[in-house]
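Engineer: A structural model of the following input is requested.
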Amino acid sequence: MSIVTFKSGDKTALTENFTRSEFACPCGCNSQMIEQELADKIQGIRDKLGKKIRITSGYRCVSHNASKKVGGSKQSRHLYGIAADWRTEDRSVNPVCLGILAQKAGFGGIGIYWHSRGAFVHTDTRGGKATWLCTTPGQYPSTSYNAFILPTIKQACSGAANRSATIMLQKLLKVNADGIFGSGTTKALMLAQQKHGLVPDGICGPKSWTALSGASKYL
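Structural biologist: Have a look, this model is predicted:
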(Lines give C-alpha, C1' and ligand atoms only; values in the text may rest on other atoms or scores of the structure.)
Protein backbone atom coordinates (compact mmCIF):
# COMPACT_ATOMS: atom_id res chain seq x y z
CA MET A 1 0.00 0.00 0.00
CA SER A 2 1.49 3.32 -1.11
CA ILE A 3 -0.02 6.22 0.85
CA VAL A 4 0.82 9.73 -0.32
CA THR A 5 0.84 12.33 2.46
CA PHE A 6 0.52 16.02 1.69
CA LYS A 7 -0.60 19.42 2.96
CA SER A 8 -3.85 21.22 2.24
CA GLY A 9 -3.80 23.04 -1.10
CA ASP A 10 -1.15 20.78 -2.67
CA LYS A 11 -1.93 20.51 -6.38
CA THR A 12 0.86 18.10 -7.25
CA ALA A 13 -0.22 15.56 -9.86
CA LEU A 14 -1.15 12.08 -8.63
CA THR A 15 -1.99 10.74 -12.09
CA GLU A 16 -2.35 12.19 -15.57
CA ASN A 17 -5.69 13.82 -14.73
CA PHE A 18 -5.90 13.97 -10.93
CA THR A 19 -4.09 16.11 -8.39
CA ARG A 20 -3.63 15.59 -4.65
CA SER A 21 -5.94 18.50 -3.82
CA GLU A 22 -8.89 16.78 -5.55
CA PHE A 23 -8.77 14.04 -2.90
CA ALA A 24 -8.17 16.40 0.06
CA CYS A 25 -10.39 16.71 3.12
CA PRO A 26 -12.51 19.83 2.53
CA CYS A 27 -12.18 21.07 6.10
CA GLY A 28 -8.69 22.35 5.25
CA CYS A 29 -6.83 20.29 7.84
CA ASN A 30 -3.08 20.33 7.30
CA SER A 31 -2.40 16.58 7.30
CA GLN A 32 -3.84 14.89 4.23
CA MET A 33 -3.36 11.41 2.73
CA ILE A 34 -4.46 9.37 -0.26
CA GLU A 35 -3.48 5.99 -1.66
CA GLN A 36 -1.79 5.97 -5.06
CA GLU A 37 -3.52 2.74 -6.11
CA LEU A 38 -6.93 4.31 -5.51
CA ALA A 39 -6.09 7.25 -7.76
CA ASP A 40 -4.58 4.97 -10.42
CA LYS A 41 -7.70 2.80 -10.58
CA ILE A 42 -10.00 5.82 -10.94
CA GLN A 43 -7.68 7.19 -13.61
CA GLY A 44 -8.07 3.91 -15.51
CA ILE A 45 -11.85 4.32 -15.44
CA ARG A 46 -11.55 7.92 -16.58
CA ASP A 47 -9.44 6.74 -19.51
CA LYS A 48 -12.13 4.23 -20.51
CA LEU A 49 -14.91 6.79 -20.21
CA GLY A 50 -13.06 9.59 -21.95
CA LYS A 51 -14.85 11.95 -19.56
CA LYS A 52 -13.79 14.10 -16.62
CA ILE A 53 -14.43 12.62 -13.19
CA ARG A 54 -15.18 14.67 -10.12
CA ILE A 55 -14.07 13.41 -6.72
CA THR A 56 -16.90 14.35 -4.36
CA SER A 57 -15.24 12.91 -1.25
CA GLY A 58 -11.70 11.62 -0.81
CA TYR A 59 -9.73 11.68 2.42
CA ARG A 60 -11.66 12.68 5.55
CA CYS A 61 -10.14 13.62 8.88
CA VAL A 62 -11.86 12.27 12.00
CA SER A 63 -13.70 15.56 12.69
CA HIS A 64 -15.02 15.99 9.16
CA ASN A 65 -16.05 12.34 8.89
CA ALA A 66 -18.02 12.59 12.14
CA SER A 67 -19.67 15.92 11.24
CA LYS A 68 -23.44 16.13 10.91
CA LYS A 69 -23.11 16.91 7.19
CA VAL A 70 -21.15 13.72 6.48
CA GLY A 71 -22.21 11.29 9.21
CA GLY A 72 -19.50 8.83 8.20
CA SER A 73 -18.88 5.46 9.81
CA LYS A 74 -16.22 5.26 12.52
CA GLN A 75 -14.62 2.54 10.39
CA SER A 76 -14.84 4.54 7.16
CA ARG A 77 -12.04 3.81 4.67
CA HIS A 78 -12.03 7.54 3.90
CA LEU A 79 -10.26 8.05 7.24
CA TYR A 80 -7.25 6.14 5.93
CA GLY A 81 -7.06 7.67 2.47
CA ILE A 82 -8.07 4.48 0.68
CA ALA A 83 -11.59 5.51 -0.42
CA ALA A 84 -13.22 8.03 -2.71
CA ASP A 85 -16.75 8.91 -3.82
CA TRP A 86 -16.97 10.13 -7.41
CA ARG A 87 -19.08 10.70 -10.52
CA THR A 88 -18.58 12.09 -13.99
CA GLU A 89 -18.24 15.86 -13.91
CA ASP A 90 -21.11 16.41 -16.34
CA ARG A 91 -23.28 13.71 -14.68
CA SER A 92 -23.76 12.09 -18.09
CA VAL A 93 -22.93 8.56 -16.91
CA ASN A 94 -25.28 6.85 -14.47
CA PRO A 95 -23.92 5.32 -11.23
CA VAL A 96 -24.89 1.77 -12.21
CA CYS A 97 -22.52 1.98 -15.17
CA LEU A 98 -19.81 3.45 -12.92
CA GLY A 99 -20.29 0.69 -10.35
CA ILE A 100 -19.90 -2.00 -13.01
CA LEU A 101 -16.73 -0.34 -14.28
CA ALA A 102 -15.43 -0.08 -10.71
CA GLN A 103 -15.92 -3.81 -10.22
CA LYS A 104 -14.03 -4.53 -13.44
CA ALA A 105 -11.23 -2.25 -12.20
CA GLY A 106 -10.79 -4.49 -9.16
CA PHE A 107 -11.97 -2.33 -6.27
CA GLY A 108 -12.64 -4.25 -3.06
CA GLY A 109 -15.37 -1.97 -1.73
CA ILE A 110 -18.02 -0.54 -4.07
CA GLY A 111 -21.22 1.26 -3.22
CA ILE A 112 -23.68 2.49 -5.85
CA TYR A 113 -25.65 5.53 -4.65
CA TRP A 114 -28.68 6.79 -6.58
CA HIS A 115 -31.12 8.81 -4.51
CA SER A 116 -32.42 12.32 -3.90
CA ARG A 117 -29.07 13.57 -2.57
CA GLY A 118 -26.98 12.43 -5.50
CA ALA A 119 -25.88 9.80 -7.97
CA PHE A 120 -22.31 8.57 -7.49
CA VAL A 121 -20.18 5.58 -6.55
CA HIS A 122 -18.01 4.86 -3.54
CA THR A 123 -14.85 2.88 -4.20
CA ASP A 124 -12.13 1.69 -1.84
CA THR A 125 -9.13 -0.61 -1.98
CA ARG A 126 -9.88 -2.85 1.02
CA GLY A 127 -8.47 -6.34 0.74
CA GLY A 128 -11.83 -8.13 1.02
CA LYS A 129 -15.08 -7.63 -0.83
CA ALA A 130 -17.95 -5.36 0.20
CA THR A 131 -20.60 -4.20 -2.26
CA TRP A 132 -23.86 -2.40 -1.58
CA LEU A 133 -26.63 -0.30 -3.11
CA CYS A 134 -28.12 2.88 -1.70
CA THR A 135 -31.40 4.34 -2.98
CA THR A 136 -32.46 5.76 0.39
CA PRO A 137 -29.98 7.85 2.40
CA GLY A 138 -28.73 5.90 5.41
CA GLN A 139 -29.77 2.48 4.08
CA TYR A 140 -27.10 0.28 2.47
CA PRO A 141 -28.41 -3.19 1.57
CA SER A 142 -25.49 -5.51 0.84
CA THR A 143 -24.88 -7.32 -2.43
CA SER A 144 -21.54 -8.78 -1.31
CA TYR A 145 -22.92 -12.31 -1.67
CA ASN A 146 -23.24 -11.84 -5.45
CA ALA A 147 -20.48 -12.42 -7.99
CA PHE A 148 -21.79 -9.37 -9.88
CA ILE A 149 -22.17 -5.93 -8.30
CA LEU A 150 -25.98 -6.00 -8.79
CA PRO A 151 -28.37 -8.88 -8.05
CA THR A 152 -30.31 -10.70 -10.75
CA ILE A 153 -33.91 -9.53 -10.38
CA LYS A 154 -37.27 -10.34 -11.90
CA GLN A 155 -40.99 -9.74 -11.34
CA ALA A 156 -42.15 -10.17 -7.72
CA CYS A 157 -38.59 -10.28 -6.33
CA SER A 158 -38.33 -9.18 -2.70
CA GLY A 159 -35.77 -8.13 -0.11
CA ALA A 160 -33.96 -4.85 0.56
CA ALA A 161 -31.15 -5.33 -1.96
CA ASN A 162 -33.56 -6.43 -4.69
CA ARG A 163 -35.80 -3.44 -3.99
CA SER A 164 -32.87 -1.02 -4.34
CA ALA A 165 -31.78 -2.80 -7.51
CA THR A 166 -35.34 -2.54 -8.87
CA ILE A 167 -35.37 1.20 -8.22
CA MET A 168 -32.08 1.55 -10.13
CA LEU A 169 -33.42 -0.55 -12.99
CA GLN A 170 -36.60 1.54 -13.14
CA LYS A 171 -34.49 4.70 -13.33
CA LEU A 172 -32.52 3.23 -16.21
CA LEU A 173 -35.77 2.29 -17.95
CA LYS A 174 -37.28 5.70 -17.17
CA VAL A 175 -40.40 4.27 -15.53
CA ASN A 176 -41.88 5.00 -12.11
CA ALA A 177 -39.13 4.16 -9.60
CA ASP A 178 -41.24 2.71 -6.79
CA GLY A 179 -39.09 -0.36 -6.12
CA ILE A 180 -41.90 -2.77 -7.00
CA PHE A 181 -41.01 -5.12 -9.84
CA GLY A 182 -44.42 -5.54 -11.42
CA SER A 183 -45.78 -6.22 -14.89
CA GLY A 184 -45.09 -2.66 -16.09
CA THR A 185 -41.40 -2.92 -15.21
CA THR A 186 -41.24 -6.38 -16.77
CA LYS A 187 -42.72 -5.09 -20.03
CA ALA A 188 -40.33 -2.10 -20.13
CA LEU A 189 -37.38 -4.39 -19.41
CA MET A 190 -38.32 -6.83 -22.16
CA LEU A 191 -38.59 -4.02 -24.70
CA ALA A 192 -35.17 -2.69 -23.62
CA GLN A 193 -33.63 -6.16 -23.79
CA GLN A 194 -34.97 -6.62 -27.30
CA LYS A 195 -33.58 -3.24 -28.32
CA HIS A 196 -30.12 -4.26 -27.07
CA GLY A 197 -30.18 -7.62 -28.82
CA LEU A 198 -30.69 -9.62 -25.62
CA VAL A 199 -33.15 -12.42 -24.92
CA PRO A 200 -36.34 -10.58 -23.82
CA ASP A 201 -37.02 -12.76 -20.78
CA GLY A 202 -37.87 -10.02 -18.28
CA ILE A 203 -35.00 -11.06 -16.00
CA CYS A 204 -32.33 -8.46 -15.31
CA GLY A 205 -28.98 -10.21 -14.85
CA PRO A 206 -25.36 -9.17 -15.53
CA LYS A 207 -25.76 -8.94 -19.33
CA SER A 208 -28.89 -6.79 -19.05
CA TRP A 209 -27.40 -4.56 -16.36
CA THR A 210 -24.27 -4.04 -18.45
CA ALA A 211 -26.21 -3.22 -21.61
CA LEU A 212 -28.97 -1.07 -20.07
CA SER A 213 -26.54 0.99 -17.97
CA GLY A 214 -24.32 1.67 -20.96
CA ALA A 215 -21.31 -0.03 -19.37
CA SER A 216 -20.95 -2.35 -22.37
CA LYS A 217 -19.66 0.63 -24.39
CA TYR A 218 -16.61 0.87 -22.13
CA LEU A 219 -15.75 -2.77 -21.47
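
Engineer: CA only for contacts and neighbour counts going forward, please
Structural biologist: Will do.

Engineer: low-confidence ranges, this protein, go.
Structural biologist: The chain contains residues with pLDDT under 70 at 1.

Engineer: ranges for the strands of it?
Structural biologist: With DSSP state E as the criterion, the chain has strands at 3-6, 32-35, 53-57, 83-88, 109-115, 118-124, 130-134.

Engineer: other residues contacting the third one?
Structural biologist: Okay, so that is strand 53-57. With contact meaning C-alpha atoms under 8 Å, 6 or more residues apart in numbering, strand 53-57 is reached by 22, 23, 24, 25, 46, 84, 85, 86, 87, 88, 89.

Engineer: looking at these, spot the one nearest residue 134.
Structural biologist: residue 85 (13.1 Å; C-alpha to C-alpha).

Engineer: pull the contacting residues for the closest one.
Structural biologist: With C-alpha under 8 Å, 6+ apart, residue 85 has these contacts: 55, 56, 57, 58, 120, 121, 122, 123.

Engineer: and for residue 59?
Structural biologist: Residues near residue 59 by C-alpha under 8 Å, 6+ apart: 23-25, 32-34, 78-84.

Engineer: rewinding a little: separate out the buried members of the contacts of residue 85.
Structural biologist: With neighbours counted by 16 or more other C-alpha atoms under 10 Å, the contacts of residue 85 contain buried members at 55, 56, 57, 58, 120, 121, 122, 123.

Engineer: which two among the residues you listed are spaced furthest apart?
Structural biologist: By the measure C-alpha to C-alpha, 58 and 120 form the most distant pair in the buried ones among the contacts of residue 85, at 12.9 Å.

Engineer: from what I see, residue 5 and residue 33 are in contact.
Structural biologist: Yes. Between residue 5 and residue 33 there is a contact at 4.3 Å, judged by C-alpha atoms under 8 Å.

Engineer: these two: which is more packed in?
Structural biologist: Set residue 5 next to residue 33 and count neighbours by other C-alpha atoms under 10 Å: residue 33 wins out with 25 against 12.

Engineer: what residues of stretch 158-166 count as buried?
Structural biologist: Buried residues in stretch 158-166, counted by 16+ other C-alpha under 10 Å: 160, 161, 162, 163, 164, 165, 166.

Engineer: please apply the same query to stretch 204-219.
Structural biologist: 204, 206, 208, 209, 210, 211, 212, 213, 214, 215.

Engineer: from those residues, which ones fall inside helices?
Structural biologist: 206, 208, 209, 210, 211, 212, 213 (DSSP state H).

Engineer: tell me the one of those residues nearest residue 97?
Structural biologist: Closest approach between those and residue 97, by C-alpha to C-alpha: residue 213, at 5.0 Å.

Engineer: so who does residue 181 touch?
Structural biologist: Listed by C-alpha under 8 Å, 6+ apart, the contact set of residue 181 reads 154, 155, 156, 157, 166.
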